[in-house]
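Trainee: after the sequence you'll find the predicted model.
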There are 4 protein chains.
Amino acid sequence: MTKYGFLGLGIMGNAMATNLVRAGFEVTVWNRTPAKCTPLIELGAHPGSSPREVVADCDITFAMLSDPAAASEICFGPNGVLSGIGDGRGYVDMSTVDDTTARNIMQAVTERGGRFLEAPVSGTKKPAEDGTLIILAAGDETLYKDSVAAFDKMGKKHMYLGEVGQAARMKLVVNLVMGGMMVALCEGMALGLKGGLNGQQILEVLDAGALANPMFKGKGALLLQKEFHTSFPLKHMQKDLRLAIGLGDALGQPLHGTAATNETFIRARAEGHAEEDFSAVFEVIR
Amino acid sequence: MTKYGFLGLGIMGNAMATNLVRAGFEVTVWNRTPAKCTPLIELGAHPGSSPREVVADCDITFAMLSDPAAASEICFGPNGVLSGIGDGRGYVDMSTVDDTTARNIMQAVTERGGRFLEAPVSGTKKPAEDGTLIILAAGDETLYKDSVAAFDKMGKKHMYLGEVGQAARMKLVVNLVMGGMMVALCEGMALGLKGGLNGQQILEVLDAGALANPMFKGKGALLLQKEFHTSFPLKHMQKDLRLAIGLGDALGQPLHGTAATNETFIRARAEGHAEEDFSAVFEVIR
Amino acid sequence: MTKYGFLGLGIMGNAMATNLVRAGFEVTVWNRTPAKCTPLIELGAHPGSSPREVVADCDITFAMLSDPAAASEICFGPNGVLSGIGDGRGYVDMSTVDDTTARNIMQAVTERGGRFLEAPVSGTKKPAEDGTLIILAAGDETLYKDSVAAFDKMGKKHMYLGEVGQAARMKLVVNLVMGGMMVALCEGMALGLKGGLNGQQILEVLDAGALANPMFKGKGALLLQKEFHTSFPLKHMQKDLRLAIGLGDALGQPLHGTAATNETFIRARAEGHAEEDFSAVFEVIR
Amino acid sequence: MTKYGFLGLGIMGNAMATNLVRAGFEVTVWNRTPAKCTPLIELGAHPGSSPREVVADCDITFAMLSDPAAASEICFGPNGVLSGIGDGRGYVDMSTVDDTTARNIMQAVTERGGRFLEAPVSGTKKPAEDGTLIILAAGDETLYKDSVAAFDKMGKKHMYLGEVGQAARMKLVVNLVMGGMMVALCEGMALGLKGGLNGQQILEVLDAGALANPMFKGKGALLLQKEFHTSFPLKHMQKDLRLAIGLGDALGQPLHGTAATNETFIRARAEGHAEEDFSAVFEVIR
């Protein structure tokens, strides 16, 4: 039976690992703050003492960290992934990171004889819990095939996109679009409310036409109630916008709309909404 | 039997009037370029010689013009709506215009004893043809009720939003969001393509998650093929963005994202895409 | 001896009229709030009872109003300029207005046999007081020549720019550049201060190089002290940015930077800085 | 007699080193492409074989590289600065780099017993040639004092700004303002020209008022002639805007205007103007 590892049990990682454990897979979990492992261990997961140990013990280890720095630290740091990898064992980093970080990790893992797949996801807390994420994979294609059984428990769709870096890019594209759509919704809503329209009617009209989408449906009513309980933290959205703009800069692609979106998210982050849901950007628009 | 008039037979007006005629209603049509009336007359509509005559002959006259200038001209110009209105006859302007224009028309119509409803629509060519528009009405509530039979043939949903001006505002809010979503899609697509991703896969990922919406589905594949046959002309989208920004200015609502969106559409208009579909904004982004 | 009229005694108009009176010219003044005439009358100006009377009594009447609406009202309103103009008398509108307003006034004045010149100024309170404005004139060239003696007392430079509308456009160009420079200064200053730099040193460095300009020198130190006593009201700067963007829209000139500048000024206006100096935009940037 | 080194002889470095040699200082020069050393050697400079040798032989070595990557390479690369530094010898990096790069170099130099000063300059080709740069220094204050004699030959003003990183920040602030001013000039000019104004008159009006500055005077006429011979390459301006926005992001300072400016420069870079003067941004605005 395949042994799986899971590193990083934040909002997303916890939900994803839970789905693996509930599916009856053998999973060893590790988190920097060990307390977060407890619920999973109660469900049947094994406790891991370090990234090194998890990677060395498992056939395939998944990781879900909050940003490129954390993804690098868990890999290159003391008792990190690199110190345990080798012999064809697989390391699947599902964090959203930039090209350079992903390539550095791939190179280091590969040099030690491991196999590497980057597999960032599209979808936030709810899809993570429901096992309906979209998994964007790139890197070692054999590892992709070996991971399909687990991907099927974590997501409703998975795609192989080519060499390492391409999945990260796809993720940035999706989040760029998501950030732009959220700012469009918030600016429209703010304008409408200032103009005396009823917020529910605005959402109803949006939901009746060609713009109708699950995000507006899910977040719209919450916006109006100023409920910003976090499914995708605002600071992570802003990080992805920063990375997307950096990629556009590197590739010579001007992104005027995204740049305005990014500055609005920076304002929201600076004004105390970093840890709230990214829809809290509404607070600095209205 | 209620007699209906219809003024303005562009892409939208033609489709809407056709649905009324096909439903068996008695409809008198008029267009500045008379040739555009021919297909409708062949379907059974009566020809009208001027806005004045149409309004004077019908119980309720609908109008669908391309911009505030045209909407004002047909009303205040020689042989215009005002010269024929009165005695409780209804005038329903379904064009997308600014607050001031709508209020000026309402006031003039009301002073002459007519009833006025503004009723801009959400939806472009296809929904107009299919009778699945969303009709946003504001103004005289009795006229709204009297128009419901006709609205049911032109749209799948209609809403009464209060005093004149509120429907125009709702329309601007919807189109602001639509313009922002389109620019977000185009910037994401342009970035992805420059970064070596497959355009179809980008659309597939977008369509699999919380951002999935009919507009992306409908326009996305066309974008990739650079097919911009017009359902909603780019110059009209840019006009609505201009009006939305003007409303934001008047109400003290900053709209950073929308302002960037608007300038991008101005560039597209200036570079020769004014008459193409608004998705042709992609041509100045990629 | 030439008889001059002066309509509108706000911050700018008062300073300009004062320079005419002090130069020994015969000047009749009028202001909507009559109390503002008192200091000028004490200096030797004659009181006028209405725009109509002033225009009818004087050879050349100057006007300095706060916006297009006020400029139109004083012209087209009851007892307005139009009711007194004729017989080759000159009307010189020094307000900053849009193309359409200027052309409407020109046409009405000309039809009644008057001569019209638009002559907006570059420069705010201090240059108005010092008689060092830059006067941008367009319209009737004979009236331009007849006005030179007065222009020499109000400004240090005057230029004839062609047909009516061109001076207004030049003014918008200058204020577009001014607004952009102010936002650049404020964003640079805000970034520097957040980054631990000394504000005075920032100004010193800016003043030592190729960017050195009187506006930075004059406003920079005040910014740091949060002193925003009004020489050019923020709401007027924002109005000019709105008009410049509208002109760019009409001419097909995208203005991404100016659009961002405008939205920042809208935010400042909405957050209570409308009547303060335009440098108070710093308050919503830092 | 103090022995000076100079590493990096691009447009700026060559002019600066020339001023040192002409002032009679003993200078050893090095450039990655050795041919660029020839004119200086003919003027009396000594040839250096590597950064290592230059640093080891000289009391104070100045470096002027094009970007953070080049500045890091010359320091950390083979036969780099680090391999020659020590014993209190001074290394003065006059390149424009980001905080992190400057701090990394400082730490490495200091650990090896060297003294480090970052000293980026404000001013482009002409001031470099004329010895009228503004030198922004931060780091080891004793080295600042020891460098004053040389700074006096290269610049007209030098300032000590505190710990390493602060000079780089000051430079970014200045260039942020410069980029914003250039875009404001170009948007104003483009709008004016499209509106039928005369470009020379626009420049004359700008030069007559509170916005008058040497940059507009120097670049304005060239803009109109589309002469973009390089004094400050556009790609370097865009790099500084990128760094400024990155600093704003890190510090929580939204920079809406600068973000729009940056995207416009990215467009100019992508459309083939990277190596031209930064004023060539006009080509993608008009």
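Mentor: Sure thing, it's come through.
Trainee: not counting its neighbours along the chain, what's nearest whatever residue of the stretch 101-250 of chain A ends up closest to chain C?
Mentor: Closest contact between the stretch 101-250 of chain A and chain C, by Cβ to the nearest Cβ, is at A:Lys194 (9.3 Å). Placement of C-beta: from N, CA and C, glycine included. Using Cβ to Cβ, 6 or more residues apart in numbering or on different chains and skipping residues adjacent in sequence, the residue nearest A:Lys194 is B:Leu251, 4.4 Å away.
Trainee: neighbours around the one you found, how many?
Mentor: 16 (other Cβ atoms under 10 Å in any protein chain shown).
Trainee: is it correct that it is in contact with A:Ala190?
Mentor: No. In this structure B:Leu251 lies outside contact range of A:Ala190 using Cβ atoms under 8 Å: 9.4 Å.
Trainee: can you pull out the strands in the stretch 151-286 of chain A?
Mentor: Ranges of strands in the stretch 151-286 of chain A, per DSSP state E, counting those that start in this stretch, are A:155-160.
Trainee: any residues of it in contact with chain C? List them.
Mentor: Neighbours of chain C within the stretch 151-286 of chain A, by Cβ under 8 Å from any Cβ of the partner chain: A:His256, A:Ala260.
Trainee: what residue in the stretch 151-286 of chain A comes nearest to chain C?
Mentor: A:His256 (5.6 Å).
Trainee: measure that residue to D:Gly272 for me?
Mentor: Counting by Cβ to Cβ, to the nearest Å, the gap between A:His256 and D:Gly272 amounts to 19 Å.
Trainee: buried set for stretch A:163-176?
Mentor: A:164-176 (16 or more other Cβ atoms under 10 Å in any protein chain shown).
Trainee: my guess is A:Lys157 contacts B:Asp207. True?
Mentor: No. A:Lys157 lies out of contact with B:Asp207 (Cβ under 8 Å); the separation is 9.9 Å.
Trainee: who has more neighbours, the two?
Mentor: Counting neighbours by other Cβ under 10 Å for A:Lys157 and for B:Asp207 shows that A:Lys157 has the greater number, 18 against 15.
Trainee: please name the bridge partners of that one.
Mentor: Beta bridges link A:Lys157 to A:Ile134 when assigned by DSSP bridges.
Trainee: got a list of what it touches?
Mentor: The contact partners of A:Lys157, by Cβ atoms under 8 Å, 6 or more residues apart in numbering or on different chains, come to A:Ile134, A:Ile135, B:Ala208.
Trainee: of those residues - the most surrounded one?
Mentor: For the contacts of A:Lys157, the largest neighbour count, defined by other Cβ under 10 Å, is 27 neighbours, found at A:Ile135.
Trainee: could you check how far that one is from D:Lys157?
Mentor: 57 Å.
Trainee: give me the neighbour count for A:Pro78.
Mentor: Count around A:Pro78 with other Cβ under 10 Å applied: 9.
Trainee: which SS state does it fall under?
Mentor: Here A:Pro78 takes the coil state, with states given by DSSP: H, G, I helix; E, B strand; the rest coil.
Trainee: A:Gly114 against A:Asp93, yeah?
Mentor: No. Using Cβ under 8 Å, A:Gly114 is not in contact with A:Asp93, being 11.5 Å away.
Trainee: those two: which is more packed in?
Mentor: Neighbours were counted for A:Gly114 and for A:Asp93 using other Cβ under 10 Å; A:Asp93 has more, 31 against 23.
Trainee: what's the more buried one in contact with, if anything?
Mentor: A:Phe62, A:Ala63, A:Leu65, A:Ala71, A:Cys75, A:Ala102, A:Ile105, A:Phe116, A:Leu117, A:Glu118, A:Ala119.
Trainee: buried among those? Need that as a selection in ChimeraX.
Mentor: Buried members of those, defined by 16+ other Cβ under 10 Å, are picked up in ChimeraX with:
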select /A:62,63,65,71,75,102,105,116,117,118,119
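Trainee: just name the shakiest helix or strand of chain A by mean pLDDT.
Mentor: strand A:121-122 (a mean of 90; mean pLDDT, DSSP states H and E).
Trainee: packing partners of it?
Mentor: If contacts are counted by 3 or more Cβ pairs under 8 Å, 6 or more residues apart in numbering or on different chains; DSSP states H and E, strand A:121-122 sits against strand A:133-139, helix A:166-194.
Trainee: that's a helix at A:Gly86, yeah?
Mentor: No. With three-state DSSP as the criterion, A:Gly86 is coil rather than part of a helix.
Trainee: how much space separates it from chain D?
Mentor: Using Cβ to the nearest Cβ, to the nearest Å, A:Gly86 is found at 30 Å from chain D.
Trainee: look up how far A:Ile105 lies from the closest residue in space to that residue that isn't next to it in sequence.
Mentor: With Cβ to Cβ, 6+ apart as the criterion, A:Gly86 has its nearest non-adjacent residue at 4.3 Å, and that residue is A:Gly113. Going from A:Gly113 to A:Ile105 by Cβ to Cβ gives 14 Å.
Trainee: what's the answer for A:Leu243, then?
Mentor: A:Leu243 is 15 Å from A:Ile105, by Cβ to Cβ.
Trainee: contact partners for A:Gly179?
Mentor: A:Gly179 neighbours (Cβ under 8 Å, 6+ apart): A:Met237, A:Asp240, A:Leu241, A:Thr258, A:Thr261, A:Asn262, A:Phe265, A:Phe278, B:Ala184.
Trainee: what's the pLDDT at it?
Mentor: Model confidence at A:Gly179, given as pLDDT, is 98.
Trainee: A:Gly80 reaches A:Ala56, doesn't it?
Mentor: No. With contact defined as Cβ under 8 Å, A:Gly80 does not reach A:Ala56; the gap is 11.4 Å.
Trainee: residues in contact with stretch A:242-259?
Mentor: Around stretch A:242-259, the neighbours that count as contacts under Cβ under 8 Å, 6+ apart are A:98-99, A:169, A:172-173, A:175-176, A:179-180, A:241, A:262, B:180, B:183-184, B:187, B:190-191, B:194-195, B:257, B:260-261, B:263-264, B:285-286, C:256, D:238, D:242, D:246, D:249, D:259-260, D:262-264, D:266-267, D:269-270.
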